[in-house]
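> Here's a sequence, model it:
(chains A and B)
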Amino acid sequence: MKKILSLKNVIISLIILLAIWQIIFTVSKFDSALFPSPFQAFQALAEMISNGILILHIKASMYRFAIGYISSVIAAVLLGLILGRLPKVFRYVNPILQLLRPISPMAWMPFIVLWFGIGDVPAIVIIFIAAFFPVLLSTVSAVGGIDTVYLKVSKNFGIRQPQIMWKVIFPAAFPQIANGIHLALGTAWVFLVAGEMTGAQSGLGYLVIDARNNLRSDILFADIIVIGLIGLILDTILKAVERRILKSWGGLD
Amino acid sequence: MYINIENAEKTFLQNGKKFTAFTDVSLSIDKGEFVCLLGPSGCGKSTLLNTIAGFSPITSGSIRIDNKEIKEPSVDNVMIFQNYGLFPWRTVQKNVEFGLESKKITKEERRKIADKYIELVGLENFKKSHPHQLSGGMQQRVSIARALAVDPKIIFMDEPFGALDAITRMKLQDDILSISKQEKKTIIFVTHDIEEAVFLADRIVIMTPNPGKIKCVVTVPLKGHRERTASDFLQIRDKIFELFNMKHDESIEYII
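Alright, predicted model coming up:
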């Protein structure tokens, strides 16, 4: 019942969105080359699906996203587990992180292109940076917040490093780490498009620039819809995974 | 004696001030004894238990178990906590096996040992459950099974039934008493519940706060299973109430 209701909500809100779009299109004086109607956008979408261009760009983007995001999550979680256990070291690392964190990954773009050229790498690096800090900081705080009774029990039963790390600390911190991983997904997806707009010759971000250069606002809108949809799907998947984890950890009842 | 504590003292620095958790503690405990540390909060009984278990060192004096100075926790001396200390991501079975994972035994042996103690605490139907699916009393049973599985010599219990309702608590008291006799373990049990101490202990160590000190040690002359309503039980309970100055003097004014 809950699912049907939420589906109903989604459909109605989409209809409202399309209606607003159509109204703006009808009443505004924009040329349809500058502001397409929903119908024109969906026509462009159908065209890109049928000639196979869209799937090529989606593949390119997903490849970069998977590599950048997954490698970033692994690196950030590993480093976070270590730093979380070394609060004295973290006291010196934290100021550096706090300094680097608010810098938009895009600010590094000129350097990234100079160092790595164009192609897949710049977008991957941008996604890596975008996901790295939220995952790292949530891992450190998760490890620091572990119930000390778990560590006492482990010590008592003679479980030592490195077992204590993967048998106790990692699983104990995992629900909060999973939350950080989930939140970083959205940020990483946002920066994928940004990264591809400047450093790539393919992908959904590149398609934005390509459509602009060819004055194809219908393709541009179609692309934007696809970017939003994929972001939504990824988020839904990770939300479901996170819920499952929380449930088997006893956090949800 | 098996456990020897001599002139033990534990102090902390609290906001730059020295705080004495307990001082001048001397106590000897025999093998197989059930000893309760009894006192109000702040008397240092939990801190004392933690130092005997090796979780934090004493500031001065000595604590020796089997003639060895205690420096760190050991799998021979297992602590059971008030909030159970179970791992929520492990099933009952895997929680009980946890302590066995540092021992050099095969998976099958591990399972067999765990099975035996899960049965002993009556949870054989909940092996595949996770802790959050169990009641508080059942969770504490799991942690008792986990402790017994490593076949420790001493079991420390830090107000283990403090979070349970009165009826569950009495049931677990019955169980821990019969388990302690059956498995022949030395048990040191911290509580602030006088009746609980009288029901369980061979000896009750009475502690007072500011600073934490042993006031006296009461030997409980009851053997084996005890009746909570029997007159000898009530007598001992009354005596301990008196020791805490909890019994009001009968005043002549109340007599008409």
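> what secondary structure does whatever residue of the stretch 1-150 of chain B ends up closest to chain A sit in?
Using C-beta to the nearest C-beta, residue B:132 is the residue of the stretch 1-150 of chain B that sits closest to chain A, at 2.9 Å. No exception for glycine: its C-beta is placed from N, CA and C like everyone else's. Recorded secondary structure, residue B:132: helix (DSSP: H, G, I helix; E, B strand; the rest coil).
> ok, now residue B:27?
strand.
> ditto for residue B:129
Looking at residue B:129 with three-state DSSP, the answer is coil.
> my guess is it contacts residue B:93, does it?
No: if you go by C-beta atoms under 8 Å, residue B:129 and residue B:93 don't touch, sitting 9.0 Å apart.
> Please identify which of the two sits among more neighbours.
residue B:93 (19 against 15; other C-beta atoms under 10 Å in any protein chain shown).
> Do I have it right that that one meets residue B:113?
No: if you go by C-beta under 8 Å, residue B:93 and residue B:113 don't touch, sitting 11.1 Å apart.
> so how far is the lengthiest helix in chain B off the chain centroid?
Criterion DSSP state H: the longest helix present in chain B is helix B:166-183. Averaged C-alpha coordinates place helix B:166-183 at 12 Å from its chain's average position (C-alpha atoms, centre = their mean, to the nearest Å).
> So which residues make contact with that helix?
B:34, B:120-121, B:135-137, B:140-141, B:144, B:148, B:155, B:157, B:160-161, B:164, B:185, B:187, B:196, B:199-200, B:224-226, B:228 (C-beta atoms under 8 Å, 6 or more residues apart in numbering or on different chains).
> I'd like the average pLDDT over that helix.
Averaged across helix B:166-183, pLDDT comes to 89.
> Look through chain A and state the residue closest to chain B.
Closest point on chain A to chain B, by C-beta to the nearest C-beta, is residue A:250, at 2.9 Å.
> Pull the contacting residues for that residue.
Residue A:250 makes contacts with B:88, B:130, B:131, B:132, B:133, as judged by C-beta under 8 Å, 6+ apart.
> How many residues are close by the last one?
It refers to residue B:133. With other C-beta under 10 Å as criterion, residue B:133 counts 14.
> Report the separation between the residue lying closest to residue B:114 once chain neighbours are set aside and residue A:171.
Counting by C-beta to C-beta, 6 or more residues apart in numbering or on different chains, residue B:96 is the residue found nearest to residue B:114 once chain neighbours are left out, at 4.2 Å. To residue A:171, residue B:96 is 17 Å away according to C-beta to C-beta, to the nearest Å.
> Who has more neighbours out of the two?
residue B:96 (31 against 17).
> For the more buried one, what are phi and psi?
When quoted as degrees, to the nearest 10, the phi and psi of residue B:96 stand at phi -70, psi -30.
> swap in residue B:14?
phi -120, psi 110.
> Near chain A, which residues of the stretch 51-200 of chain B? Just list them.
Counting by C-beta under 8 Å from any C-beta of the partner chain, the stretch 51-200 of chain B comes close to chain A at B:53, B:55, B:72-75, B:77-79, B:81, B:83, B:85, B:87-89, B:98-99, B:101-103, B:130-133, B:150.
> Could you pull out the helices in the stretch 1-150 of chain A for me?
For the stretch 1-150 of chain A, helices defined by DSSP state H, counting those that start in this stretch occupy the ranges A:2-27, A:38-50, A:53-85, A:87-100, A:109-116, A:120-144, A:148-156.
> sorry, back to before: next up, the contacts around the residue nearest to residue B:114.
Applying C-beta under 8 Å, 6+ apart, the residues near residue B:96 are B:114, B:117, B:118, B:142, B:145, B:146, B:149.
> Rebuild the residues you listed as JSON lines, extending it with neighbour count and pLDDT.
Converted to JSON lines, those look like this (neighbours: other C-beta atoms under 10 Å in any protein chain shown; pLDDT from 0 to 100):
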{"residue": "B:114", "neighbour count": "23", "pLDDT": "94"}
{"residue": "B:117", "neighbour count": "22", "pLDDT": "93"}
{"residue": "B:118", "neighbour count": "25", "pLDDT": "95"}
{"residue": "B:142", "neighbour count": "27", "pLDDT": "95"}
{"residue": "B:145", "neighbour count": "26", "pLDDT": "94"}
{"residue": "B:146", "neighbour count": "28", "pLDDT": "95"}
{"residue": "B:149", "neighbour count": "25", "pLDDT": "94"}
